[in-house]
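*Asks:* predicted structure and sequence below. I'll ask about it afterward.
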Amino acid sequence: MFPYIPNTPTEEKQMLQSIGIESTDALFADIPAEVKLSRKLNLGEAMSELELSKFVNGVANKNKSIDDMVCFLGAGAYDHYIPALIKHITSRSEFYTAYTPYQPEISQGTLQVIFEYQTMIANITGMDVANASMYDGATACAEAGMMAVENTKKKSLVVSKSVHPEVRKVLATYMRFVGVEVVEIDCQDGVTDIEKLKAAVSNTTAGVIVQNPNFFGIVEDLTEVESITHQNKALLIVNVIDPISLGILKTPGEMGADIVVGEGQAFGNALNFGGPYLGFMAATTKLMRKLPGRIIGETTDIDGKRAFVLTLQAREQHIRREKATSNICSNQALNALTAAIYLTTMGKKGLAEVAQQSASKAHYAYNQIIATGKFKPVFNKPFFKEFAVQSSHKASDVNAELLKHNILGGYDLVKDYEGMENALLFCVTEKRTKQEIDKLVEILKGM
């Protein structure tokens, strides 16, 4: 098939002449010859559009998705029910193709979507203000760390090992290149070790980062964490990887958080094989001007009608790079729209119902699994909808057996935590039925 780039050889020659270059190869002269590919791409024979479509679909069909399996896997990405309304609205071209509004006041629809999203995020987190969405939960947490450093002028962050391992890796990568020390605190029975936290936090600490519910699904008591943090004039950053929990748990704002960040995937966004997702960020009014990205505000126009504006735009595409609070130069607007539609559709009662059903079903599954006598609890702490259990079998063997029955099993905790051999982190959402849970238990009992 003919290449999709429609330039003719004559047109290519004219373009090269206009910039004073003799050949296309000369454009890439700065690239060392030893790293250049000296052969054609191994793409196989050319295909027609019909043939290519069949080929790609055949490859895609080798994947197994949650449409084919029953999912008991969580660890930061959750299989919640997505109302049909969401796809209907987000598929509209004015939303689906929209990008950053460079003449923002003309884009009143886009601004209102982001304004409503910010309002709902601020409400469910119990914070004063939220910004436009971030790339994902991990980078949102790293940006919060940068905010703490900038606000306190200190160069150290303390983070609990009960924070999602991938979030901690992203945080470490960010801080490594700005010279900020990251101190990780061990866990005690699945929660942040308070004594070790006391020893680590000092007057040189910019912020303390904890997760609730934490990576093990446990609901942490942040009372002492908040006290230790603020006594040392540091900022308390609460990471919320599972925001459905905010339907029934105390808000981070009620627990004294200065900054709240998290992963918004559970708000109506599909699992998408790992992305794209969206991160959310909210803070106190005092920290508002340090928030990265943008904040949409409400005002009135010259006719006295309700209107929306970019109130704060502290990102490098709007102001000088050296003045920007962050180099994050976009946001996941379509994913944020999805979250806004989900929260609007569910409402306060609906969100609470999803959270309550998830928690109730998770505790039923936990009790049934422990009752088999084949598994024992890893921790003895209250949990939301994820829990860790341990057996005499390798976690990989357990998951392989479950896969034979079209069940996606738990997360193998030894990947990230020493001493967690044969431990699995199971997740139960409102989508799981009693029959599905009982089948899981039956298979585990028979191992």
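*Replies:* Perfect, I can see it now. If you're wondering where the values come from, they're calculated on a predicted model, not measured in any experiment. Numbering: from 1, shown residues only.

*Asks:* if I've got this straight, Leu310 is in a strand?
*Replies:* Yes. Leu310 forms part of a strand when assessed by DSSP: H, G, I helix; E, B strand; the rest coil.

*Asks:* shaky segments in the stretch 1-150 of the chain?
*Replies:* 1-4, 98-102 (pLDDT under 70).

*Asks:* okay, strands next: where are they in it?
*Replies:* 70-71, 129-130 (DSSP state E, counting those that start in this stretch).

*Asks:* now distance to Gly137 too, for these, in JSON lines please.
*Replies:* The way it works is simple: take the backbone N, C-alpha and C, and place the C-beta from them, glycine included. Shown next, in JSON lines, are the strands of the stretch 1-150 of the chain (distance: least, Cβ to Cβ, whole Å):
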{"stretch": "strand 70-71", "distance to Gly137": "19"}
{"stretch": "strand 129-130", "distance to Gly137": "14"}
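
*Asks:* out of those, nearest to Phe95?
*Replies:* strand 129-130 (19.7 Å; Cβ to Cβ).

*Asks:* packing partners for that closest one?
*Replies:* helix 108-125, strand 279-283 (3 or more Cβ pairs under 8 Å, 6 or more residues apart in numbering; DSSP states H and E).

*Asks:* in its sheet, what does the very next helix or strand once past the shortest one sit against?
*Replies:* Next in sequence after strand 279-283, counting helices and strands by DSSP states H and E, comes strand 294-300. Strand 294-300 has its sheet partners listed here by DSSP bridges as strand 306-313 (antiparallel).

*Asks:* mean confidence score for the following helix or strand past the partner strand?
*Replies:* Next along the chain after strand 306-313, taking DSSP H and E as the criterion, comes helix 333-371. In this model, helix 333-371 has an average pLDDT of 96.

*Asks:* report the buried residues of helix 333-371.
*Replies:* Residues of helix 333-371 classed as buried: 333-346, 351, 354-355, 357-359, 361-366, 368-369 (neighbour count, 16 or more other Cβ atoms under 10 Å).

*Asks:* just name whatever secondary elements the following helix or strand past that helix is in contact with.
*Replies:* Downstream of helix 333-371, the first helix or strand assigned by DSSP H and E is strand 376-377. Where contact means 3+ Cβ pairs under 8 Å, 6+ apart, strand 376-377 is packed against helix 333-371, strand 386-390.

*Asks:* what strands line up against the last one, and which way round?
*Replies:* Okay, so that is strand 386-390. For strand 386-390, pairing defined by DSSP bridges yields strand 376-377 (antiparallel), strand 423-427 (antiparallel).

*Asks:* most neighbours per residue, which of those strands?
*Replies:* strand 423-427 (a mean of 25; mean count of other Cβ atoms under 10 Å).

*Asks:* thought Tyr78 was touching Thr429?
*Replies:* Yes. Tyr78 is in contact with Thr429 according to Cβ atoms under 8 Å; the separation is 6.0 Å.

*Asks:* so what's in contact with the two at the same time?
*Replies:* Here Tyr78 and Thr429 share the contacting residues Ile244, scored by Cβ atoms under 8 Å, 6 or more residues apart in numbering.

*Asks:* show me the domain layout of the protein.
*Replies:* 9-60, 70-81+348-445, 84-343 (automatic domain parsing).

*Asks:* would you mind pulling the contact partners of stretch 343-355?
*Replies:* Counting by Cβ under 8 Å, 6+ apart, 80-81, 83, 85-86, 116, 120, 124, 244-249, 267-268, 384-385, 429-430 sit against stretch 343-355.

*Asks:* so Ala75 versus Gly409, what's the distance?
*Replies:* Applying Cβ to Cβ, to the nearest Å, the value for Ala75 to Gly409 is 11 Å.

*Asks:* meant to ask about Leu249
*Replies:* 26 Å.

*Asks:* between these two, who's got more neighbours?
*Replies:* Gly409 (25 against 18; other Cβ atoms under 10 Å).

*Asks:* now do the contacts for the more buried one.
*Replies:* Contacts of Gly409 by Cβ under 8 Å, 6+ apart are Phe72, Leu73, Val398, Asn399, Leu402, Leu403, Leu424, Phe426.

*Asks:* and those residues, which is closest to Asn151?
*Replies:* Leu73 (36.9 Å).

*Asks:* so what's the closest one closest to, chain neighbours aside?
*Replies:* Nearest non-adjacent residue to Leu73, counting by Cβ to Cβ, 6 or more residues apart in numbering: Leu408, 4.9 Å away.

*Asks:* bridge partners for the one you found, pull those for me.
*Replies:* Going by DSSP bridges, Leu408 forms beta bridges with Cys71.

*Asks:* next, count neighbours for it.
*Replies:* 18.

*Asks:* right, and it touches Cys71 too?
*Replies:* Yes. Under the criterion of Cβ under 8 Å, Leu408 makes contact with Cys71 at 4.6 Å.

*Asks:* can you count the residues close to Met288?
*Replies:* Neighbours of Met288 (other Cβ under 10 Å): 16.

*Asks:* how about the nearest residue to it once chain neighbours are set aside, what does it touch?
*Replies:* Distances taken as Cβ to Cβ, 6+ apart place Val129 nearest to Met288, at 5.0 Å, with adjacent residues excluded. With contact set as Cβ under 8 Å, 6+ apart, Val129 has these partners: Gln118, Ala122, Ala282, Ala283, Thr284, Thr285, Met288, Leu291, Ile295.

*Asks:* most neighbours out of these, which is it?
*Replies:* Ala282 (30 neighbours).

*Asks:* verify the stated contact: it with Asn123.
*Replies:* No. Ala282 is beyond contact range of Asn123, at 9.4 Å (criterion: Cβ under 8 Å).

*Asks:* how close does Asp136 get to Met147?
*Replies:* 17 Å.

*Asks:* wait, Lys348
*Replies:* On the measure of Cβ to Cβ, Lys348 and Met147 end up 29 Å apart.

*Asks:* and if you look at Thr345?
*Replies:* Thr345 is 31 Å from Met147, by Cβ to Cβ.

*Asks:* before we move on, the earlier item: could I get the helices and strands packed on strand 376-377 as CSV with distance to Glu143?
*Replies:* Formatted as CSV, the helices and strands packed on strand 376-377 follow (distance: least, Cβ to Cβ, whole Å):
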stretch, distance to Glu143
helix 333-371, 16
strand 386-390, 25
